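# no sequence for this one, just the structure:
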């Protein structure tokens, strides 16, 4: 496994990225060295310092040094300007490229006879600051090559191998087909395989998107990287680590990124934010994004007037105190939230496959499944639940007393987020590993455009490709390992904060919170930013088209000449206006 990882890292994408970081670093230090003599020879800096370092030919030396700065330091921005204009998509590179070109041409004209003052030191410092900004930015996104390592970290490095009556500690990558491993409570499963002994509930949500911990008994499949609950299990390994589900996800992520890097400059990971304005379709993962991502109590209903809802929770929680079942966890959490004191349960007894029974405060109390009710001919006339909810019933002294519904609840902000997208003509699509019933219910509740359920990582990626082929500019948002390939494939991958490091490293944009409204805000902010950028570009262009010819004396014969000092002041004013215009973005 580790060997294959090193091979992956030796491939083109990461090397190209490292090379570009090194290139920006080198350009920055060269320009830093040249900026010192340029500043020293600048008349404005000399006036400020109260010195006179002018000598015969000093202006030509200044021009020569600045020419190197312009072409060598400014090259990435000039190249970016051409690329953006060719694509009819002016952005940050157009602004920077335009500013440095105008500064250089005007300043050089003053050296060769134009009446005016040069802007060489401003040109050098602008290029220096921009190179530094891009270098730091590229270093910060160098993590895009680390997501494969993070995926591998989900696989524990050691495993407990069962040999006869002994348990040996071995390296995970030495496991072979038919080996038997012991997985203790709370540990990650070390290999794909089949449960051969014991039973437990496994948390597979980061891998499959299934929100509810799943029960695994003898003969059931388990996936490497999933987290074991409170039961110890033995697993018969089905194949070596290199053929595991996680390895396949690693390959999908790698292939998607490789394909992407051939069509998109790595230096434009920065463009993920700028491109947010182009989004036509947002694909949502369900668990942890549109929903909270935890199995929680969504409804408590008392069927007896004399028993309040809190009493239903208190008595149910008293029975569930020692259970590892996800339903038990949800009920116990609700009891804690309500600060309820849970009495001790005595004569505890499990009703096989149907619930639990005990004596609590002298009463016979049972928490049972719908199957138990059917078997004992008990019915609830008006059951207020939906397809996303799992229901358990409370029986006291053989009388049906109430019920508790649990589900992975939809976030309160989700509906408003989907409505806002619709208002902006952006389609919303649900793509989840969870089951069809839950997906349908969530999609219909939120009035989304479409949904696809029970999808594996490869199918998620294929769905993104399908949408892209139909002409959609796709943003994918998710938080799990199963989302990583799709996040890598999407035009813009948006990872949300509740999720895995893998999702975060694979995405172009990471949101600290998991609030879907933040995703919508990002898209709208991207649109607003682009509008401001165009306004600033128009202002800067208009200023330069009018002011520079006046300073050059185009209208001199009609008595109109812009004093160079006034020109410099106006240039400073134009910068302030652009800055104010940009800051207005926050106000709006």
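Thanks, I have the structure now. No experiment lies behind these values; they were computed from the predicted model shown.
# Output the below-cut-off pLDDT ranges for the stretch 1-150 of the chain.
In the predicted model, the stretch 1-150 of the chain carries pLDDT under 70 at residues 1-17, 44, 46-47, 91-92, 116, 137-150.
# Please disregard the earlier target; I meant the stretch 401-550 of the chain.
Across the stretch 401-550 of the chain, the ranges flagged by pLDDT under 70 are 480, 497-514, 528-550.
# now with 80?
Applying pLDDT under 80 to the stretch 401-550 of the chain flags the ranges 433-435, 456, 479-482, 495-515, 517-519, 521-550.
# can you check the stretch 201-350 of the chain too?
Looking at the stretch 201-350 of the chain by pLDDT under 80, you get 204-213, 230, 241-277, 287-288, 293-295, 322-326, 350.
# can you give me the strands for it?
Taking DSSP state E, counting those that start in this stretch as the test, the strands found in the stretch 201-350 of the chain are 214-216, 221-222, 227-228, 233-237, 281-284, 291-302, 346-351.
# for these, which one sits closest to residue 405?
Checking the strands of the stretch 201-350 of the chain against residue 405 by Cβ to Cβ gives strand 291-302 as the closest, at 3.9 Å. C-beta: built from backbone N, CA, C; applies to glycine.
# sorry, back to before: need the strands of the stretch 201-350 of the chain in a markdown table (columns: mean neighbour count).
Listed next are the strands of the stretch 201-350 of the chain as a markdown table, based on neighbours: other Cβ atoms under 10 Å:
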| stretch | mean neighbour count |
| --- | --- |
| strand 214-216 | 19 |
| strand 221-222 | 18 |
| strand 227-228 | 21 |
| strand 233-237 | 23 |
| strand 281-284 | 26 |
| strand 291-302 | 20 |
| strand 346-351 | 12 |
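# Turn those strands into a markdown table, columns for distance to residue 197.
Formatted as a markdown table, the strands of the stretch 201-350 of the chain follow (distance: least, Cβ to Cβ, whole Å):
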| stretch | distance to residue 197 |
| --- | --- |
| strand 214-216 | 11 |
| strand 221-222 | 12 |
| strand 227-228 | 13 |
| strand 233-237 | 4 |
| strand 281-284 | 39 |
| strand 291-302 | 26 |
| strand 346-351 | 19 |
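# Of all those strands, which one is nearest residue 396?
Across the strands of the stretch 201-350 of the chain, closest to residue 396 is strand 291-302 (Cβ to Cβ), at 11.1 Å.
# Neighbouring strands - and their directions - for the closest one?
Sheet pairing here is set by DSSP bridges, and for strand 291-302 it gives strand 399-410 (antiparallel).
# could you point out which element follows the strand it pairs with?
helix 414-423 (DSSP states H and E).
# Report all helices and strands that that next one contacts.
With contacts defined as 3 or more Cβ pairs under 8 Å, 6 or more residues apart in numbering; DSSP states H and E, helix 414-423 has these neighbours: strand 427-431, helix 516-551.
# Buried residues of the host helix or strand of residue 65, list them for me.
Using DSSP H and E, the element containing residue 65 is helix 58-68. Residues of helix 58-68 classed as buried by neighbour count (16 or more other Cβ atoms under 10 Å): 59, 62-63, 65-66.
# Could you do stretch 401-413 as well?
Neighbour-count burial for stretch 401-413 flags 401-411, 413 (criterion: 16+ other Cβ under 10 Å).
# now the residues you listed in JSON lines, with distance to residue 436?
Output for the buried residues of stretch 401-413, formatted as JSON lines (distance: Cβ to Cβ, whole Å):
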{"residue": "401", "distance to residue 436": "33"}
{"residue": "402", "distance to residue 436": "29"}
{"residue": "403", "distance to residue 436": "24"}
{"residue": "404", "distance to residue 436": "24"}
{"residue": "405", "distance to residue 436": "19"}
{"residue": "406", "distance to residue 436": "19"}
{"residue": "407", "distance to residue 436": "15"}
{"residue": "408", "distance to residue 436": "15"}
{"residue": "409", "distance to residue 436": "19"}
{"residue": "410", "distance to residue 436": "17"}
{"residue": "411", "distance to residue 436": "21"}
{"residue": "413", "distance to residue 436": "25"}
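# between the residues you listed, which is closest to residue 366?
Comparing the buried residues of stretch 401-413 against residue 366 with Cβ to Cβ places residue 401 closest, at 9.6 Å.
# Kindly provide the distance from that closest one to residue 226.
36 Å (Cβ to Cβ, to the nearest Å).
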